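J.: coordinates only, sequence not included:
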């Protein structure tokens, strides 16, 4: 078996009904993970399963259920629920394992399986490799007896429970009354819970992306397509727009003028506010190598640090736990508030921004730009096969770019963990130079991809 035959950077992901996102693989995941997480004692063991609104969820969910029940594990089904909600409920129901069926911000044609341990945190690489090893051997051993099969039950109030947990993170002395909020749920997992939580906290809510049909998740709505939210904010003269992605673990915001506020600005806003109240733990923020140099300078000016990790909220969370940080995230809008959650949560991050907005009594546009971003250019190059990053010309173009930026910026070239893409990012004070070096590296990557 090749190392990591199924799992990528964020669980198992791929096109629905094509390897590895098939019913058979889902069945094997259920059997293998079930075996691994069942201890030797004779109590009933429990796995909880949530999903987003993709059509293929109806294929993946029963396959997982069949796998888990066949090894004797009981199953509780949540139906559509945000990824962070599944992580929370794994802990609160004292489950042995949590599963989220989602491909996050990808199109409906993809799907994925994310696993959470009993502590609500995503599984480590080591645990995933153990599951992979079991998936490829000996699944027929230790099957449950006819009497010992797992029982399955739907949990009807899982969404209501998550709404209550989310509301409890908003300062009790504050209310959202008098605020008009556009919330875009991407026709995804939060289509019920996010508008409900905001309404119950007192806001006037204008929802969009709340009519899922199995095919329209992330389609011209959500955090990757914020134009729908921006338009509604202007049309309704709303105070703020919030756009979540398909599984609601990330967000982008726009101010009352329709200007986008990305994850870096959101982290700066929350960090500054929490630091002023003595609530920021760890002396700074954890973010990835993709976060803007401007965020680093903003924090430094406040005697706070920016700790950088590889891309992915799992890497951010691991560093937060190591260093005792309670705020971290990604420029793309994964914001982790570890006082409340074990993974990125778009709704909880939005509620913290709304709390700052209510306390400061200023419009969102006055808070939207906490720092001046350093010019940053990002280009993705799709490739068919081979390893373009190992090509000598590509390596030469990267070395040349680093030399020309000469300490006044950064360059980052990496392969995507979820798609056949090479991601090229450069930033620096000289915008023209930044664009030029990205163009040159992209050209070399394209050439290498064709040659392969």
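T.: Nice, I can see it. Only a predicted model underlies this, so the values are computations on that prediction, with no experimental measurement involved.
J.: I figured residue 21 hits residue 14, correct?
T.: Yes - taking contacts as CB atoms under 8 Å, residue 21 lies within contact range of residue 14: 4.0 Å. Using the backbone N, CA and C atoms, a C-beta is placed for each residue, glycine as well.
J.: so what sits against both of these two?
T.: Listed as contacting both residue 21 and residue 14 by CB atoms under 8 Å, 6 or more residues apart in numbering are 110-112.
J.: of the residues you listed, closest to residue 347?
T.: Proximity to residue 347 was ranked across the shared contacts of residue 21 and residue 14 by CB to CB; first place goes to residue 112, at 20.2 Å.
J.: can you name the residues that contact the closest one?
T.: Contact analysis of residue 112 by CB under 8 Å, 6+ apart lists 10-14, 21, 101-104, 106.
J.: kindly recompute the last result at 7 Å.
T.: Contact analysis of residue 112 by CB atoms under 7 Å, 6 or more residues apart in numbering lists 11-13, 102-104.
J.: in strands, which of those fall?
T.: Cross-referencing the contacts of residue 112 against strands under DSSP state E gives 12-13.
J.: which one of the contacts of residue 112 sits in the busiest neighbourhood?
T.: Using other CB atoms under 10 Å as the contact criterion, the top neighbour count among those goes to residue 102, which has 34 neighbours.
J.: could you pull out the helices for the stretch 51-200 of the chain?
T.: Taking DSSP state H, counting those that start in this stretch as the criterion, the stretch 51-200 of the chain contains helices spanning 57-70, 83-92, 125-135, 158-168, 193-200.
J.: closest to residue 145 out of these?
T.: In terms of CB to CB, the element of the helices of the stretch 51-200 of the chain nearest to residue 145 is helix 57-70, at 10.9 Å.
J.: between helix 125-135 and the closest one, find me the angle.
T.: For the pair helix 57-70 and helix 125-135, the angle between their directions (axes from the mean of the first three to the mean of the last three CA atoms, to 10 degrees) equals 80 degrees.
J.: for helix 57-70, the distance to its chain's centre please.
T.: Using CA atoms, centre = their mean, to the nearest Å, we find the averaged C-alpha position of helix 57-70 to lie 23 Å away from the chain's own average C-alpha position.
J.: cool, and stretch 438-452?
T.: Remark: stretch 438-452 is offset 29 Å from the chain centroid, using CA atoms, centre = their mean.
J.: contacting residues around it?
T.: With CB under 7 Å, 6+ apart as the contact definition, stretch 438-452 has outside contacts at 377, 379, 381, 383-386, 388, 391, 393-394, 397-398, 401, 413, 422, 424, 426.
J.: check contacts around the closest residue to residue 216 other than its chain neighbours.
T.: The shortest distance from residue 216 to any residue that is not its chain neighbour, by CB to CB, 6 or more residues apart in numbering, is 4.6 Å, and that residue is residue 187. Under the criterion of CB under 7 Å, 6+ apart, the contact partners of residue 187 comprise 53, 209, 211-212, 216-217, 219, 221.
J.: out of the residues you listed, which end up buried?
T.: Applying a neighbour-count criterion of 16 or more other CB atoms under 10 Å, the buried members of the contacts of residue 187 are 53, 209, 212, 216-217, 219, 221.
J.: can you put the contacts of residue 112 in TSV and add pLDDT and distance to residue 281?
T.: Output for the contacts of residue 112, formatted as TSV (pLDDT from 0 to 100; distance: CB to CB, whole Å):
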residue	pLDDT	distance to residue 281
11	92	28
12	95	33
13	95	32
102	98	29
103	97	32
104	95	27
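J.: most widely separated two among the contacts of residue 112?
T.: Comparing all pairs in these by CB to CB, the longest separation belongs to 12 and 104, at 12.5 Å.
J.: the strands in the stretch 101-250 of the chain, which residues?
T.: Assignment of strands within the stretch 101-250 of the chain using DSSP state E, counting those that start in this stretch yields the ranges 110-116, 152-154, 180-184, 204-208, 240-244.
J.: I should have written the stretch 351-452 of the chain there, sorry.
T.: Listed in chain order, the strands found in the stretch 351-452 of the chain under DSSP E, counting those that start in this stretch are 376-382, 409-415, 421-428.
J.: of these, which stretch is the most buried?
T.: With neighbours defined as mean count of other CB atoms under 10 Å, the strands of the stretch 351-452 of the chain peak in mean count at strand 421-428, which reaches a mean of 22.
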